[in-house]
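Participant: heads up, no residue letters with this:
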């Protein structure tokens, strides 16, 4: 039975809130909850993660740093190296190993999946730069969540 975005399956409520699927045990949506402040997957993400591959986001980027989180579901103890590229040139690296309570509370393993990569001085030249963040040693690009994948910083 489908009612206003709620689907009931054997006593479970599945609710689509924007692009977040919320699962609750019980008979209705009042038993489901949404984890606050966790970056949800975009509605139409060009990147599809698997249960065994990395999943991650760029939550914020300014002239100081690019920050977000990334993890691999079947390797929850793994600290992941993240690479920052500007105009397809490697500019910096960081480790996704910082604790975020919102990730832990939302069921993302240990919650130790946050990263912050400083923006190098070479990119503070007043010119626009196309930015990518990737998991080191692979092709997976982190998804920019509600921010543009470009950066222009004054000298």
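Facilitator: In hand now; what should we look at? All values derive from a computational prediction rather than experimental measurement.
Participant: Sheet partners, orientation included, of whichever helix or strand residue 84 is part of?
Facilitator: When elements are defined using DSSP states H and E, residue 84 is found to belong to strand 80-86. For strand 80-86, the paired strands and their directions (DSSP bridges) are strand 89-96 (antiparallel), strand 128-135 (antiparallel).
Participant: Can you point out the buried residues in the first one?
Facilitator: The reference is to strand 89-96. Within strand 89-96, the residues that count as buried by 16 or more other Cβ atoms under 10 Å are 91, 92, 94, 96. From N, CA and C alone the C-beta is placed, and that goes for glycine too.
Participant: residues touching the first one, list them.
Facilitator: Pointing back at residue 91 there. Contacts were defined as Cβ atoms under 8 Å, 6 or more residues apart in numbering; by that measure residue 91 touches 84, 85, 120, 122, 123.
Participant: From residue 112, how far out is it?
Facilitator: Spatial separation of residue 91 from residue 112 under the definition Cβ to Cβ, to the nearest Å is 24 Å.
Participant: got it, and the third one?
Facilitator: Relative to residue 112, residue 94 is positioned 13 Å away (criterion: Cβ to Cβ).
Participant: thinking again about what came up before, for the strands paired with strand 80-86, please prepare CSV with the additional fields mean pLDDT and distance to residue 65.
Facilitator: Formatted as CSV, the entries for the strands paired with strand 80-86 read as follows, by pLDDT from 0 to 100; distance: least, Cβ to Cβ, whole Å:
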stretch, mean pLDDT, distance to residue 65
strand 89-96, 98, 9
strand 128-135, 97, 11
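Participant: For residue 70, which of these is the nearest?
Facilitator: With respect to residue 70, and counting by Cβ to Cβ, the nearest of those is strand 89-96 at 4.7 Å.
Participant: quick one, domains of this protein?
Facilitator: Under automatic domain parsing, the residue ranges defining each domain of the chain are 2-31, 54-152.
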